[in-house]
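Asker: What follows is a predicted structure for the sequence shown.
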Amino acid sequence: MILQEELFCSRDREAVKPAGLRRLSLSAFGGSNPPLCKDKIMKLVLFDVDGILLKFGAVGRDYWKVIIKKHFGIETNRHNIDMQGKTDRAILAELLVLEGIKDPESDKRFLIALNDIGNVVAEIIKDKKLEKIPNVENFVKQLIQEKHIVGLLTGNTREKARAKLENAGLWKYFKAGGFGNRSQKRSDLVQIALEDVKEKTGVEFEKKDVFLIGDTIRDIRCAKETGVKIVAVATGEQTVQYLEEEKPNYLFENFNNFEKLIEVFK
Ligand SMILES: [Mg+2]
């Protein structure tokens, strides 16, 4: 049997200064109260989904047409707007405004449609296998092994992220997150993720110990606006050169240089 203390503190005992770890509750660790592991800085690493965990565009965009037809009776062909880095809540609102619905959020169909996106996407991908970004799964596993907490910060609704990541076998790694059904503003999702992490794991992180992993300049701006760190990885559609202009804290071409990536979180 592994003791809670071992589970939490067994690796990397090199002396590093205290932690963004303020408090641990009982819930995340099976009911007993684990001692704080004071020689280890635990980080919260929040992963974007599209372009970081899964290949960008793997699901296509036709589900937007399905959702808008199903809930609003409108045939739309405007689903080729720029969607990168936007939340699903913002995209749905934008598409509906383009179709002449002036204040989509006040329409009682809006939340029903938003919450149905996950079901529609799950149906579309049920016979497909979504493609993971090379090496990202090993990176996630390594972070967990080093006792960091991994979560999600994505414009996808929670249920859409779940459908896609379950398909790829990745959902099981993530304890909590900020999802795109909660706000039209991506930057709001950071605080939402921090609260969700606190609720699910009992750990309250300081922003200096929070990292976003993202593939677009919107991820970089989101991190800067909210005072957390950003590791930009050019595994989506935006190039290293393009991302560099936005001055992320860290920038990688892909997840292949494993050792360098892990160094960021030491
Ligand atoms: Mg992305």
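Answerer: Right, received. Where do you want to start? Numbering: from 1, shown residues only.

Asker: Now do the same for K147: its pLDDT.
Answerer: The pLDDT attached to K147 in the predicted structure is 92.

Asker: And it, how far from M42?
Answerer: Taking CB to CB, to the nearest Å as the measure, K147 and M42 are separated by 6 Å. To be clear about C-beta, it is placed using only N, CA and C from the backbone, and glycine gets the same treatment.

Asker: ok, those two, which is more surrounded?
Answerer: A count of neighbours by other CB atoms under 10 Å puts M42 above the other of K147 and M42, at 20 against 17.

Asker: Which residues belonging to stretch 76-83 are considered buried?
Answerer: Within stretch 76-83, the residues scored as buried using 16 or more other CB atoms under 10 Å are 79, 83.

Asker: okay, how far is it across it, tip to tip?
Answerer: The first and last residues of stretch 76-83 sit 15 Å apart, counting by CA to CA, to the nearest Å.

Asker: How about it and the ion, touching?
Answerer: No: using CB under 5 Å from the ion, we find that stretch 76-83 stays clear of the ion, coming within 9.8 Å at best.

Asker: what does the stretch 51-200 of the chain have sitting close to the ion?
Answerer: With CB under 5 Å from the ion as the criterion, the stretch 51-200 of the chain comes near the ion at residues G51.

Asker: can you do 6 Å?
Answerer: 51-52 (CB under 6 Å from the ion).

Asker: shaky segments in this protein?
Answerer: 1-40 (pLDDT under 70).

Asker: The residue of it found nearest the ion: neighbour count?
Answerer: Residue of the chain nearest the ion, by CB to the ion: G51 (3.8 Å). Taking other CB under 10 Å as the neighbour definition, G51 ends up with a count of 23.

Asker: which ones are touching it?
Answerer: When contacts are counted by CB atoms under 8 Å, 6 or more residues apart in numbering, G51 is found next to 133, 214-216, 235-237.

Asker: coming back round to it: tell me, what's touching K147 and M42 both at once?
Answerer: Shared between the contact lists of K147 and M42 (criterion: CB under 8 Å, 6+ apart) there are no residues.

Asker: how about the nearest residue to the residue of the chain closest to the ion, chain neighbours excluded?
Answerer: Leaving out its chain neighbours, the residue that sits closest to G51 by CB to CB, 6 or more residues apart in numbering is G236, at 2.5 Å.

Asker: That neighbour contacts D50, correct?
Answerer: Yes: counting by CB atoms under 8 Å, D50 is a contact partner of G236 at 6.9 Å.

Asker: Now list whatever residues contact both of those two.
Answerer: A shared contact of G236 and D50, defined by CB under 8 Å, 6+ apart, is any residue touching both; here these are 56, 215.

Asker: All the helices of the chain, residue numbers only.
Answerer: Assigned helices in the chain, in chain order: 4-9, 62-72, 88-98, 109-125, 136-145, 158-167, 188-201, 217-226, 240-244, 258-263 (criterion: DSSP state H).

Asker: Just send those helices back as a markdown table, with distance to D82 and mean neighbour count too.
Answerer: Putting the helices of the chain into a markdown table (distance: least, CB to CB, whole Å; neighbours: other CB atoms under 10 Å) gives the following:
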| stretch | distance to D82 | mean neighbour count |
| --- | --- | --- |
| helix 4-9 | 43 | 15 |
| helix 62-72 | 13 | 18 |
| helix 88-98 | 9 | 21 |
| helix 109-125 | 18 | 18 |
| helix 136-145 | 24 | 16 |
| helix 158-167 | 19 | 22 |
| helix 188-201 | 19 | 19 |
| helix 217-226 | 10 | 21 |
| helix 240-244 | 14 | 14 |
| helix 258-263 | 29 | 12 |
